[in-house]
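**Q** coordinates only, sequence not included:
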């Protein structure tokens, strides 16, 4: 008997978190012969394989058989490639995607099944996001997940629909915009995407290092790729933050103008350029200040982040525009 669902979980060197996710899946109200679990390991890690085997033995001992499969990725190619590997190996005709740091609630699969029995092709569930006790600026931006239209951490797709659009685009080799690209492919193929708010997955945001905002500016290059692939849908559905981006460009240009003025001995040009840069930088510093009491280390991190962000943002936007040959500035 083939299962209704194949749950696909990509993972990378997080066996402890993965075990919590698997444990949540082991408590699903749906009968165990109606779903299988496929773990795709990007890290090809013995610890991860052992965790999967441990879980499989535990559920077999405690509550009857549940098919759990472990697939190694020969090399790390990103979540999109791992998910493709999983759904293509699936036996179920409905693919349920979640992540190793997520906890599906007990009714997750059971609540989605009636929609597909009535003919649904693609459904998006509800992601319940919890922030750390002392969230950073980066952690607060994670609340955009609550408003996302389509999330690979909680979605269901008929296998036939994934085959029709070719699954995830593997050029998105990091955890950014690969789900939006799949959503846009479904829209362009005329495949309706429904919403199942009863299918809840809990996601606890883990504390990020202070430099996380700087590291994630690299995501701008993947925005360029998404824009190239789906320009109209990108304009319609992805926030542009034009004012902020314009401020970054002006900040970079003004510091360049100021330094050029100093080198060439043009005092007026140097003063204008450096003054504009100083004003914009002060504004960024103020906007980065957290509401919590400030410490010396916090102030230092805020200043570094505010001063470096415009340069990194502009660099990665131009890098993406050049790499993907698209006018995304």
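**A** Arrived safely, thanks for sending. What you see is a predicted model, and the numbers here were worked out from it, not measured in a lab.

**Q** low-confidence ranges in the protein?
**A** 63, 132-147, 294 (pLDDT under 70).

**Q** all strands in it, in order from the N-terminus.
**A** Taking DSSP state E to define them, one finds strands in the chain at 5-11, 35-41, 68-72, 94-97, 102-104, 122-130, 155-158, 193-204.

**Q** got those as JSON lines, with mean neighbour count and distance to residue 58 columns?
**A** C-beta: built from backbone N, CA, C; applies to glycine. Compiled in JSON lines, the strands of the chain are given as follows (neighbours: other C-beta atoms under 10 Å; distance: least, C-beta to C-beta, whole Å):
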{"stretch": "strand 5-11", "mean neighbour count": "26", "distance to residue 58": "17"}
{"stretch": "strand 35-41", "mean neighbour count": "25", "distance to residue 58": "13"}
{"stretch": "strand 68-72", "mean neighbour count": "17", "distance to residue 58": "10"}
{"stretch": "strand 94-97", "mean neighbour count": "27", "distance to residue 58": "21"}
{"stretch": "strand 102-104", "mean neighbour count": "21", "distance to residue 58": "17"}
{"stretch": "strand 122-130", "mean neighbour count": "20", "distance to residue 58": "26"}
{"stretch": "strand 155-158", "mean neighbour count": "24", "distance to residue 58": "26"}
{"stretch": "strand 193-204", "mean neighbour count": "17", "distance to residue 58": "21"}
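
**Q** longest helix anywhere in the protein?
**A** Longest helix in the chain, counting residues (DSSP state H): helix 296-323.

**Q** which strands and helices lie in contact with that one?
**A** Secondary-structure packing of helix 296-323 (3 or more C-beta pairs under 8 Å, 6 or more residues apart in numbering; DSSP states H and E): helix 212-215, helix 219-229, helix 242-264, helix 267-288.

**Q** in the first one, which residues are buried?
**A** Judged by neighbour count using 16 or more other C-beta atoms under 10 Å, the buried positions of helix 212-215 are 213, 214.

**Q** mind giving me the packing neighbours of it?
**A** helix 137-141, helix 296-323.

**Q** coming back round to it: buried ones in the longest helix of the chain, by neighbour count?
**A** Result for helix 296-323 [16+ other C-beta under 10 Å]: buried residues 298, 301-302, 305-307, 309-310, 312-314, 316-318, 320-321.

**Q** of those residues, closest to residue 5?
**A** residue 320 (35.9 Å; C-beta to C-beta).

**Q** residue 257: how many residues sit nearby?
**A** 18 (other C-beta atoms under 10 Å).

**Q** that older thread, for the buried residues of helix 296-323, which one is nearest residue 191?
**A** residue 320 (27.5 Å).

**Q** how close does the residue nearest to the closest one when sequence neighbours are not counted sit to residue 149?
**A** Excluding its sequence neighbours, the residue lying closest to residue 320 (C-beta to C-beta, 6 or more residues apart in numbering) is residue 224, at 2.8 Å. In this view, residue 224 and residue 149 are 20 Å apart by C-beta to C-beta, to the nearest Å.
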